[in-house]
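Sharing a model prediction with you, sequence too.
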Amino acid sequence: MAELRRRLQEELERHRSHLEELVAERTTELARMVERQSAIFETASAGIVFVRERLILQCNGRWDEIQGYPPGEQIG
């Protein structure tokens, strides 16, 4: 019985370790994608604005330029 318990604990530890590796890989991958999307958003030649319930949540620099506002002033 003790041997079975030890083997099960070892297997559980291997699975836990593998899961941690997968989470770390996916987290790195997600961070890269967010970085790329942010670069596209900020350097787009078109004005981009995200609005929810008539409030500006986020806009790029080009949108500020088009509207004639300093960066970040339109948020909220």
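Right, received. Where do you want to start?

so the most centrally placed residue in the chain is in which element?
Centroid-nearest residue in the chain, with CA atoms, centre = their mean: V34, separated by 4.9 Å. Using DSSP states H and E, V34 falls within helix 2-43.

Which SSE is immediately downstream of that helix?
strand 49-52.

so what does that following strand touch, helix or strand wise?
Secondary-structure packing of strand 49-52 (3 or more CB pairs under 8 Å, 6 or more residues apart in numbering; DSSP states H and E): strand 55-59. All C-beta atoms are positioned from the backbone trio N, CA, C, and that covers glycine.

List the buried residues of the strand it packs on.
Neighbour-count burial for strand 55-59, with 16 or more other CB atoms under 10 Å as criterion, is recorded at 56, 59.

Show residues contacting that strand.
By CB atoms under 8 Å, 6 or more residues apart in numbering, the residues outside strand 55-59 that reach it are 47-51, 74-76.

with the residues you listed in mind, which one is nearest to Q9?
F50 (47.9 Å; CB to CB).

partners of the closest one in the sheet?
With DSSP bridges as the criterion, F50 is bridged to Q58.

who touches it in this structure?
When contacts are counted by CB under 8 Å, 6+ apart, F50 is found next to 56-59.

same check, this time on I66
Neighbours of I66 in contact, by CB under 8 Å, 6+ apart: G47.

Now do the phi/psi pair for it.
Dihedral angles of I66 (phi, psi; degrees, to the nearest 10) stand at phi -60, psi -40.

now it: how far from R14?
55 Å (CB to CB, to the nearest Å).

follow-up on the earlier one: mind putting the contacts of F50 in TSV, pLDDT included?
Shown next, in TSV, are the contacts of F50 (pLDDT from 0 to 100):
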residue	pLDDT
I56	96
L57	96
Q58	95
C59	96
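
In TSV, list those along with distance to H18.
Output for the contacts of F50, formatted as TSV (distance: CB to CB, whole Å):
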residue	distance to H18
I56	43
L57	37
Q58	36
C59	42
